[in-house]
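Participant: Next come a sequence and a model predicted from it.
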Amino acid sequence: MHDLKAMTDKERENAADYWRASLKLIFFCLAIWFVVSYGFGILFADALNAIQIGGFKLGFWFAQNGSIYVFVALIFFYAARMNKIDREHDVHED
Amino acid sequence: MDLKTLTYIVVGLTFVLYIGIAMWTRASSTGEFYVAGGGVHPVVNGMATGADWMSAASFISMAGLIAFLGYGGSVYLMGWTGGYVLLAMLLAPYLRKYGKFTVPEFIGDRYYSKAARMVAVVCLIFISFTYVAGQMRGVGIVFSRFLEVEIVTGLMVGMGIVFIYAVLGGMKGITYTQVAQYVVLITAYTIPAVFISFQLTGNPLPQMAFGSTLSDGSGFMLDRLNQVVTDLGFAAYTAGNKSTIDIFAITFALMVGTAGLPHVIVRFFTVPKVRDARSSAGWALVFIALLYTVAPAVGAMARLNLTTTVQTGAVGSPEGNLSAEQRPEWMKRWEQTGLLKFTDKNGDGRIQYYNDGNKAFAEKAASFGWKGNELKVDNDIMVLANPEIAGLPNWVIALVAAGGIAAALSTAAGLLLVISSSISHDLLKGAIMPDISEKNELMAGRIAAAVAIGIAGYLGYNPPGFVAQVVAFAFGLAASSLFPVILMGIFSKTVNREGAIAGMLTGLFFTFGYILYFKGIFITPMAPNTPEHWLFGISPEGIGTVGMLLNFAVAFGVSKVTAAPPEHIQHMVEDIRLPAGAGTAQSH
């Protein structure tokens, strides 16, 4: 672990910026995470069940399959964006 | 070749494979024993995490649960996958950056407190033992049904195998065995599902099949299923019968609990970089999703197959029910295990399977001359019996047996490892013998693993009441004690030692107490376990959500009125937020 007390003001500001950018991304991803599972799969499941695609009632599909696909996509999206934010703030690993 | 011999061969071959891997990957340092040396490729780690995560419950029980719960079973599907999103974004990269060996070690350092570390150790050990006993029971079921040996013998064999690769290989041995076990279990799960999907709908892809039309021309499968089950007085499959708030709370407790389970978290200590921890969580979920998106299809198809096997004709007509004499071989075989029971209550020589708890329907049923539901089916047999129900060849059945054992053993090994590292690293080195040499610590870790295997085997053979409540206990406690303190440790610089300990204890006692209150484990239940009596209508399975909120509230409240964390701790938090400079996990 490198010594943090040795951080200059500029580095400190950069670290704070980086953290804000990370939080923003996390918040955005978790909002989608919440909407597809708790929203589509639970709270609005009954309403969405009125829509049927093929043999699936939409709310039921989100609860049993759809939300899982979105979760997988979300993590990879997050990982890619996070790598970009790392680089922009020059805090990436070598 | 008969089924038993074939099963012995297939299961035996997988065991040879696991032991071979164990021989090839012996751990020679504490770093290798605790975190596989920290050099595991993210995709490999993802696959190992998949096997580590998918337990006997996921493989054997989950599809059966979904089959009987219908929409209500979604709590497991979303709960046990959505947790990886939290893990990937909130915990794994930061804990990886911190670069230590165990979860209690992080908690102890961040809250500059041995007491906090010990509370975490107690939570970890209780959670992990509850969980591991369930795995051992799974091994016992598979052995007794497929290999027709005594449960004790099955447990001994299972314990022996885990002993070899967990004690010798530590995390390194476990990682590569888990990769092999993943391949075995996913193959075993997918093949029967593909066959059955094709038989029922003509579409071999299970994820599509349960939204397709049935080959017999009776329309969409889920519509037909709703029809068939409601005709027998059950709730519609796609609607279920749990309240929205309870579904919400259970799903949340399972997600947060998943992210807080120590044996899952430590898997992310084994990858080389912070960046790898993020992508590895994605890969883990890909491998998990391969089973979890198939499970609801298996559940729906199993329910349809079971119901139409018994209810062969119109409901209420005397010839509409399967004659007991003509019941298929698989039913008879599973009756011997006690997991399937048929009692001819009305003595008509036919099997009636319906919801006699539904008053209106029970009255109607009485007018047909039915005197109660005559068939009891344990959730656990739906996956295991599936290939037999669908009339698949014997090698598929043998493969399913090997898959069930792989799922149970891989999870058991991961749990045993976190138990043993907690004892050798957190208790011994962290508290009792700080000067212990690395060689002795490694030896202590191996002894702890061996003892833990013995206890796990005993719990599997002689399960105490709490073992049946894995979902409530393990996930509830992980959600209400470990997850919040780890999260606050990363995302807050102000939560201090006093806040963390008070929060953890509040979450722990509240959740534990609530479960005891309704489930009556160790004591007699103090209130009937029904929605009218629950707090806000939340069942013991979902109460971890409330426990978690209490933990947060108490931790922030107490931190406000006590001294702020020392400056070096605030610096430590700033440092773990930045990926740069993550070395491999080390002990100091």
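Facilitator: In hand now; what should we look at?
Participant: give me every residue that touches residue B:220.
Facilitator: Taking Cβ atoms under 8 Å, 6 or more residues apart in numbering or on different chains as the criterion, residue B:220 is in contact with A:54, A:55, B:211, B:212, B:213, B:214. In short, each C-beta sits where N, CA and C put it, glycine included.
Participant: tell me which element residue B:376 is part of?
Facilitator: Here residue B:376 is covered by strand B:375-377, with elements defined by DSSP states H and E.
Participant: biggest helix in chain A by residues?
Facilitator: helix A:9-34 (DSSP state H).
Participant: Can you report how many residues lie near the residue lying closest to residue B:306 once chain neighbours are set aside?
Facilitator: Once its chain neighbours are removed from consideration, residue B:306 has its nearest residue in residue B:377; the separation is 6.7 Å (Cβ to Cβ, 6 or more residues apart in numbering or on different chains). Around residue B:377 there are 22 other residues, counting by other Cβ atoms under 10 Å in any protein chain shown.
Participant: State the distance from residue B:377 to chain A.
Facilitator: Between residue B:377 and chain A the distance, using Cβ to the nearest Cβ, to the nearest Å, works out to 21 Å.
Participant: Then residue B:133?
Facilitator: 28 Å.
Participant: pLDDT wise, what is that residue at?
Facilitator: At residue B:133, the predicted lDDT confidence score is 81.
Participant: neighbours around it, how many?
Facilitator: A count of nearby residues for residue B:133, using other Cβ under 10 Å, gives 26.
Participant: Equivalent analysis for residue B:433, please.
Facilitator: Residue B:433: 14 surrounding residues under other Cβ under 10 Å.
Participant: where does it land on pLDDT?
Facilitator: Looking at residue B:433, its pLDDT is 80.
Participant: Point out where the chain drops to low pLDDT.
Facilitator: Went with chain A since none was named. Along chain A, the model assigns pLDDT under 70 to residues A:1-6.
Participant: To clarify, I was referring to chain B.
Facilitator: B:463-469, B:471, B:520-525, B:582-588.
Participant: how does it look with 50?
Facilitator: Applying pLDDT under 50 to chain B picks out residues B:584, B:586-588.
Participant: so who does residue B:19 touch?
Facilitator: With contact taken as Cβ under 8 Å, 6+ apart, residue B:19 is in contact with B:161, B:164, B:165.
Participant: at 10 Å what do you get?
Facilitator: Residues near residue B:19 by Cβ atoms under 10 Å, 6 or more residues apart in numbering or on different chains: B:160, B:161, B:164, B:165, B:168, B:177.
Participant: Check residue B:57 too.
Facilitator: Applying Cβ under 10 Å, 6+ apart, we find residue B:57 in contact with B:65, B:76, B:80, B:131, B:134-135, B:137-138, B:379-380, B:407-408, B:411, B:470-471, B:474.
Participant: Tell me the gap between the longest helix of chain A and the middle of its chain.
Facilitator: The gap between the average C-alpha position of helix A:9-34 and the chain average comes to 11 Å, counting by Cα atoms, centre = their mean, to the nearest Å.
Participant: Of the contacts of residue B:220, just the buried ones, ChimeraX syntax please.
Facilitator: Per 16 or more other Cβ atoms under 10 Å in any protein chain shown, the buried members of those correspond to this ChimeraX selection:
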select /A:55 /B:211,212,213,214
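Participant: Let me know the distance separating the most centrally placed residue in chain A from residue B:528.
Facilitator: Taking Cα atoms, centre = their mean, the centroid of chain A lies closest to residue A:29, which sits 2.2 Å from it. As defined by Cβ to Cβ, to the nearest Å, residue A:29 lies at a distance of 41 Å from residue B:528.
Participant: Return the residues in contact with residue 30.
Facilitator: I'll assume chain A. By Cβ under 10 Å, 6+ apart, the residues touching residue A:30 are A:74, A:78, B:85, B:86, B:89, B:90.
Participant: look at chain B instead
Facilitator: Remark: with contacts taken as Cβ under 10 Å, 6+ apart, residue B:30 is in contact with B:101, B:170, B:421, B:424-425, B:429, B:438-439, B:441-442, B:444-445, B:586-587.
Participant: Now do residue B:581 against residue B:97, distance only.
Facilitator: Using Cβ to Cβ, one gets 8 Å for the distance from residue B:581 to residue B:97.
Participant: ok, now residue B:370?
Facilitator: On the measure of Cβ to Cβ, residue B:370 and residue B:97 end up 63 Å apart.
Participant: And residue B:436, by the same measure?
Facilitator: 26 Å.
Participant: Which residue of these two possesses the greater neighbour count?
Facilitator: More neighbours sit around residue B:97 than around the other of residue B:436 and residue B:97, counting by other Cβ under 10 Å; the figures are 22 against 17.
Participant: That one touches residue B:276, doesn't it?
Facilitator: No - under the criterion of Cβ atoms under 10 Å, residue B:97 is not in contact with residue B:276, lying 11.3 Å apart.
Participant: before we move on, back to that, residues contacting the strand holding residue B:376, please?
Facilitator: By Cβ under 10 Å, 6+ apart, the surrounding residues in contact with strand B:375-377 are B:64, B:67-68, B:302-303, B:306, B:310, B:322, B:327, B:331, B:334, B:338-343, B:351-354, B:385.
Participant: returning to what we had before: from the contacts of residue B:57, which ones fall inside helices?
Facilitator: The helices in this structure, assigned by DSSP H, contain B:65, B:76, B:80, B:131, B:134, B:135, B:137, B:138, B:407, B:408, B:411, B:470 from those.
Participant: gap between the first one and residue B:384?
Facilitator: When you say that, I think you mean residue B:65. Residue B:65 sits at a distance of 14 Å from residue B:384 (criterion: Cβ to Cβ).
Participant: More neighbours: which of the two?
Facilitator: Comparing residue B:65 with residue B:384 by neighbour count (other Cβ under 10 Å), the higher total belongs to residue B:384, at 27 against 19.
Participant: I figured that one was touching residue B:396, is that so?
Facilitator: No - the pair residue B:384 and residue B:396 fails to qualify as a contact (Cβ under 10 Å) at a distance of 11.6 Å.
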